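Participant: build me a model:
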Amino acid sequence: KFMTKFISLTLTAVLILAAAGCSSKDQGSPSGDGTGETVNESSEEGKIINVGVTDSLGGLNPFVIDQTEINKYAVGLMFLPLMELDKDMNFQGMLADSITTEDNMNFVVHIDEKATWSDGTPVTAEDVEYTVRRLASPVVNNTTLMLYAFEGTSEEGFVEEGAESMAGVQVIDEKTVQFTSKYPMALTTFENTYARYIHTLPKKVLEQLSEEELLTSDWFNKPDVVSGPFFVTDFDNDHYISYEANADYWKGAPKIDKLNIRIIDASQVYAGLQSGEIDITHHTMTAIPQEDYESIEALENVEAVYGSPITNQSAFIQTANITDARVRQALVYAIDRQKLVDELLKGH
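Facilitator: So this is what the prediction gives:
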């Protein structure tokens, strides 16, 4: 099961990636009336970017959310993952500066020596261990990270309630933590399935909370200690999230002063890009209507970018009903892939 995300990187099915360039004028942050509409602000507010998405938001609590791209992105602006993919699909360090393995069973994660929380204290291996152990709690009951792959967890990926340790995640020193899997997995699989999706949280802030309280604490809606480039300033689960730059970000102050994620209907994507109310959108978080692609490409204030495929489309066949492998193969071979590329994806 945990191979799914890795496979999505290696398949060659072509999907359209669309991103709009920033508009020439800055836009204001969403108003607090729940409409998600923008209001004009003066240039003194600095550079403001509006990201348009159509996916629903699951919240800002890493213990509760599932691992959809919008949730991962929204949380990752505050709490860095260990690794992330760059534009060329290569892994680059975020909170970690290296992940190594000699046997594809033990994965040694080294936290960047410069990594600090926004209050100036260092991000440590204990923060990583605490986060993963609590994610594996049956009280938290979040199965989307598939932690069953690691030692010390049940088939469902849980440790015992209130566990003070987890065999598969061991602190080596202040900046080094080791993950131990139950069976071999490629380093790329570990990086793409776990390192990109574990958002380390500050143990010193949260260890005072019970496992039950971790699910409902208001702290996650406006955390005051972060490792990432932004703080949340306003939040409406159905309409928008507003962020402001973390000036003390340990990788360097962001070049964007404010950032808004605006949740819109798919029918509003074109109009939002045309008017400049949306500066950028991305197909992993936005269901852009296929019939709008050519119109969006034609906008003078928009740059449409077609990149390398980063996901795939799958068709599942019920083998209990179609038992003959030759029939299943025939169904697969009958798909006119070139027609899909030429007519649906317009040659991309």
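
Participant: quick one: pLDDT of His282?
Facilitator: pLDDT, His282: 87.

Participant: my guess is Thr233 meets Asn246, correct?
Facilitator: No: using Cβ atoms under 8 Å, Thr233 is not in contact with Asn246, being 11.4 Å away. In this view, the C-beta of every residue, glycine as well, is placed from N, C-alpha and C.

Participant: neighbour-wise, which of the two wins?
Facilitator: Under the neighbour definition other Cβ atoms under 10 Å, Thr233 and Asn246 were set side by side, and Asn246 has more, 19 against 14.

Participant: that one contacts Phe231, doesn't it?
Facilitator: Yes: using Cβ under 8 Å, Asn246 is in contact with Phe231, at 5.7 Å.

Participant: mind listing the shared neighbours of those two?
Facilitator: Ser118 (Cβ atoms under 8 Å, 6 or more residues apart in numbering).

Participant: quick one: contacts for the closest residue to Thr124 other than its chain neighbours?
Facilitator: Excluding the flanking residues, the one nearest Thr124 by Cβ to Cβ, 6 or more residues apart in numbering is Glu174, at 5.3 Å. With contacts defined as Cβ under 8 Å, 6+ apart, Glu174 is in contact with 122, 124-126.

Participant: then stretch 198-217 to PDB, C-alphas only?
Facilitator: The C-alpha trace of stretch 198-217 is given here as PDB (Å, rounded to 0.1, in the frame of the first residue of the first chain):
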ATOM      1  CA  ILE A 198       5.500  14.100   8.300                       C
ATOM      2  CA  HIS A 199       5.100  17.700   9.600                       C
ATOM      3  CA  THR A 200       7.200  17.900  12.800                       C
ATOM      4  CA  LEU A 201       5.500  19.700  15.700                       C
ATOM      5  CA  PRO A 202       7.100  21.400  18.800                       C
ATOM      6  CA  LYS A 203       7.100  18.800  21.600                       C
ATOM      7  CA  LYS A 204       7.800  21.500  24.300                       C
ATOM      8  CA  VAL A 205       4.500  23.200  23.400                       C
ATOM      9  CA  LEU A 206       2.300  20.100  22.900                       C
ATOM     10  CA  GLU A 207       3.500  17.500  25.400                       C
ATOM     11  CA  GLN A 208       1.400  19.200  28.100                       C
ATOM     12  CA  LEU A 209      -1.700  18.200  26.100                       C
ATOM     13  CA  SER A 210      -3.400  14.800  26.400                       C
ATOM     14  CA  GLU A 211      -3.800  12.700  23.200                       C
ATOM     15  CA  GLU A 212      -7.500  13.600  23.200                       C
ATOM     16  CA  GLU A 213      -6.700  17.300  23.500                       C
ATOM     17  CA  LEU A 214      -4.400  17.100  20.500                       C
ATOM     18  CA  LEU A 215      -7.400  16.500  18.300                       C
ATOM     19  CA  THR A 216      -9.300  19.600  19.400                       C
ATOM     20  CA  SER A 217      -6.800  22.100  20.700                       C
END
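
Participant: can you pull the buried residues of it?
Facilitator: 198-203, 205-206, 211, 214-215, 217 (16 or more other Cβ atoms under 10 Å).

Participant: one more: stretch 55-70?
Facilitator: Result for stretch 55-70 [16+ other Cβ under 10 Å]: buried residues 55, 57-65, 67-70.

Participant: quick one: end-to-end distance for it.
Facilitator: One end of stretch 55-70 sits 7 Å from the other (Cα to Cα, to the nearest Å).
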